[in-house]
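A.B. asks: what would the 3D arrangement of this be:
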Amino acid sequence: ASSENELSDKQLERIITFLADHDVAMSFEATKYHAQKCNAEGRMAPLFLYHYMMSGLKNCFSQNEVEKLVVDIQEHIIEEYSDGKKAVYKYILLPQLAQTVARLKYNDCARPLVEYFLDEKYPLLNPDIHDSLLKTAWRPPFAREDWTPALPYHRLLSELVACGHRPKPEVVQRVLHTYYPYRDLDATTEILSSIQQLHHYEDHPYNYSVDCGTLEMISILVSKRGSIDLSLLIIEMAESFGYNISESMFEDVILSFAASRQVPQCLGALVDMETKGHIPSRELLRKVAKKLSYDDKRLRYTQHILTGNDNGNILSTATLNSLMMGYGMKKNIQAAFDVFDSFQELGLRRDSNTVTFLMEILYFSTKQRFGRRLYATDSLRPEDVNDVIGEIDIVLSTMKEEDIEATRHFYHEYVRLLCSLGLFEDGKLALEEAVSNNIKLQVGTIFLLSVQCAHRGHFDMAKDVARLSVAAGCGKQPTLIRRINNLQNQALGVWGKTKEAIDEQS
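C.D. replies: Alright, predicted model coming up:
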């Protein structure tokens, strides 16, 4: 090039193609020289020379060498082909460069290129390049939860679909599963929106439906982050794919509304869930109540809209139960009882969750008024005990009048409240009543009453309660029996003594 006799175009092209297989850096320098020569003569260098030169990247010995060459090639293309009609070379060559580097699995080099032409909003001249980049989506089998995809596949898919291109369903599914566990809410929303758009197209033979299990899993993972739009999008997609909206999906939407402090929408979703035939679980109502109890103003606002005139879409037994439990968690016992009394005024029927929550609130009230705690060894005054017994009788009479069925959760709260009052005999009678009604109790209920009886010195009663575990559907509890025996030995002062010493002391 520095000699007096200039190289012809054919000679330069032969040099570039030859060097591409031997020294890609020199091939790039020759390509630059040829492009500058063509530019000076008012013409453009052939595209295939860049293709040859880029193909030589596979002969590089290290990633550092590739990174340096890719940066130099990108700067040359942007500088040389940014004016007027020449910009079409830039729109073609930079995506091709990213495709070449991604195929060589140098994704750290390809990512800046892809982000650059996406940020610059290059026109999509060759959809196959985007499709080829999407096919490189892959998540390692044992990747950490904070692992991020190598390329912005969600943006590539969104742009490809927006331009009317239809990638194959297996490619789309691979992109979706690459983003597990879906911590990037924006990326997940963009992918699902693209899938929904592809599903609505009718002029293709593909089926882009996402299986219901995947939708439920995404819904569960994102509900904790309060992404309303994504939760609603999942509901919409499930309906468009012909799935029945599951109870889990409804719960995720409700929790998303609750986490984002959208109280009317949260209550409305609860009512919609009941309308669809699903029964809100006790755990769900507790989670909603916990969100409502974060602020007194939010509780008062919730009560205001539930008892107002325009409450038809948000008023139900479940929503009032959540409000009542929210007041209980906030230790506002009087307000909780006011909500309990308002059921009849609003024309609603109390259910098992209502009386269970009220028993739990009475336990909160007992601790707040009398400082009661589990395993307490002191006794309350008779008048204090009678006050709580009167409140318990109100709940029990309500259950009898309205024919409310007692559940295992109710008996647990009932027994816990009786234990806090020191009424162990009544607690035992409650367990026997549950067993006679064929109600399977929680293991924790048996442990609670037995251990408390043992702590207060009622060892025979504790063992009688422990023996109820089989009839209560909890199976044998040898651990519980050993604990009672240990507490009894401690009380007798024979801990660690031999059998002979115990017999002698007896």
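A.B. asks: which pLDDT value does the model give Thr498?
C.D. replies: On pLDDT, Thr498 comes in at 51.
A.B. asks: just the strands in the stretch 351-500 of the chain please.
C.D. replies: Read by DSSP state E, counting those that start in this stretch, the stretch 351-500 of the chain holds no strands at all.
A.B. asks: could you list the low-pLDDT ranges of it?
C.D. replies: Residue ranges of the stretch 351-500 of the chain with pLDDT under 70: 371-379, 494-500.
A.B. asks: show me where it has helices.
C.D. replies: 352-370, 382-401, 408-420, 424-436, 443-455, 459-471, 478-492, 499-505 (DSSP state H, counting those that start in this stretch).
A.B. asks: so which of the ones you listed comes closest to Glu115?
C.D. replies: Among the helices of the stretch 351-500 of the chain, the nearest to Glu115 by CB to CB is helix 352-370 (50.8 Å). Every residue, glycine included, has its C-beta placed from N, CA and C.
A.B. asks: give the buried residues for that closest one.
C.D. replies: Residues of helix 352-370 classed as buried by neighbour count (16 or more other CB atoms under 10 Å): 352-366, 370.
A.B. asks: equivalent analysis for stretch 20-37, please.
C.D. replies: Going by neighbour count (16+ other CB under 10 Å), the buried part of stretch 20-37 is 20, 24, 26-35, 37.
A.B. asks: correct me, but Asn353 touches Arg282?
C.D. replies: Yes - judged on CB atoms under 8 Å, Asn353 makes contact with Arg282 at a distance of 5.5 Å.
A.B. asks: in contact with Val101, which residues are there?
C.D. replies: Neighbour list for Val101: Leu57, Val66, Val70, Asn107, Cys109, Ala110, Leu113 [criterion: CB atoms under 8 Å, 6 or more residues apart in numbering].
A.B. asks: again, 10 Å this time
C.D. replies: With contact set as CB atoms under 10 Å, 6 or more residues apart in numbering, Val101 has these partners: 54, 57, 66-67, 69-70, 73, 107-114.
A.B. asks: surely Phe424 is in contact with Arg416?
C.D. replies: No - using CB atoms under 10 Å, Phe424 is not in contact with Arg416; the gap is 11.9 Å.
A.B. asks: tell me, what's touching those two both at once?
C.D. replies: Contacts common to Phe424 and Arg416, judged by CB under 10 Å, 6+ apart, are Leu449, Gln452.
A.B. asks: any chance of the buried residues of stretch 20-37 in a markdown table, plus distance to Asn489?
C.D. replies: Shown next, in a markdown table, are the buried residues of stretch 20-37 (distance: CB to CB, whole Å):
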| residue | distance to Asn489 |
| --- | --- |
| Ala20 | 87 |
| Val24 | 83 |
| Met26 | 89 |
| Ser27 | 88 |
| Phe28 | 86 |
| Glu29 | 90 |
| Ala30 | 93 |
| Thr31 | 90 |
| Lys32 | 91 |
| Tyr33 | 96 |
| His34 | 96 |
| Ala35 | 93 |
| Lys37 | 100 |
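A.B. asks: about what we covered before: what's the overlap in contacts for Asn353 and Arg282?
C.D. replies: What both Asn353 and Arg282 touch, as defined by CB under 10 Å, 6+ apart, is the set Asn321, Met325, Thr407, His409.
A.B. asks: now, the most widely separated pair of the residues you listed?
C.D. replies: Longest span within those, CB to CB: Met325 and Thr407, 15.3 Å.
A.B. asks: ok, those two, which is more surrounded?
C.D. replies: The neighbour comparison of Met325 against Thr407 (other CB atoms under 10 Å) goes to Met325, with 27 against 19.
A.B. asks: what's the closest non-adjacent residue to that one?
C.D. replies: Closest residue in space to Met325, ignoring its immediate chain neighbours: Ala289 at 3.7 Å, by CB to CB, 6 or more residues apart in numbering.
A.B. asks: ok, that neighbour to Leu125 distance?
C.D. replies: Ala289 sits at a distance of 56 Å from Leu125 (criterion: CB to CB, to the nearest Å).
A.B. asks: with Cys419 instead?
C.D. replies: Distance from Cys419 to Leu125, counting by CB to CB: 75 Å.
A.B. asks: what does Glu75 give?
C.D. replies: Glu75 is 21 Å from Leu125, where distance means CB to CB.
A.B. asks: swap in Pro141?
C.D. replies: Computed as CB to CB, the Pro141 to Leu125 distance reads 36 Å.
A.B. asks: ok, these two, which is more surrounded?
C.D. replies: Neighbour count, other CB under 10 Å: between Pro141 and Leu125, Leu125 has more, with 10 against 5.
A.B. asks: which SS state does that one fall under?
C.D. replies: At Leu125 the chain is in coil, as set by DSSP: H, G, I helix; E, B strand; the rest coil.
A.B. asks: any idea whether the nearest residue to Pro127 once chain neighbours are set aside is helix, strand or coil?
C.D. replies: Distances taken as CB to CB, 6+ apart place His165 nearest to Pro127, at 4.3 Å, with adjacent residues excluded. Secondary structure for His165, judged by three-state DSSP, is coil.
A.B. asks: try Asp310
C.D. replies: coil.
A.B. asks: and if you look at Ala150?
C.D. replies: The local conformation at Ala150, judged by three-state DSSP, is coil.
A.B. asks: next, count neighbours for it.
C.D. replies: Ala150 has 19 nearby residues by other CB under 10 Å.
A.B. asks: ok, now Asp387?
C.D. replies: Neighbour tally, Asp387, other CB under 10 Å: 15.
A.B. asks: quick check: it touching Phe370?
C.D. replies: Yes - contact criterion CB under 10 Å: Asp387 and Phe370 qualify, at 9.4 Å.
A.B. asks: mutual contacts of the two, please.
C.D. replies: Common contact partners of Asp387 and Phe370 (CB under 10 Å, 6+ apart): Leu380, Arg381.
A.B. asks: which non-adjacent residue is nearest Leu124?
C.D. replies: Using CB to CB, 6+ apart and skipping the chain neighbours, the partner closest in space to Leu124 is Cys163 (4.7 Å).
A.B. asks: and for Val465?
C.D. replies: Computed as CB to CB, 6+ apart, the closest residue to Val465 that is not its neighbour in sequence is Ser450, at 4.5 Å.
A.B. asks: quick one, what contacts the one you found?
C.D. replies: Residues near Ser450 by CB under 10 Å, 6+ apart: 424, 427-428, 431, 458-459, 461-469, 477, 480-481, 483-484, 487.
A.B. asks: the most centrally placed residue in the chain: which element?
C.D. replies: Against the mean C-alpha coordinate of the chain, by CA atoms, centre = their mean, the closest residue is Leu221 at 1.8 Å. Element membership for Leu221 (DSSP states H and E) is helix 212-223.
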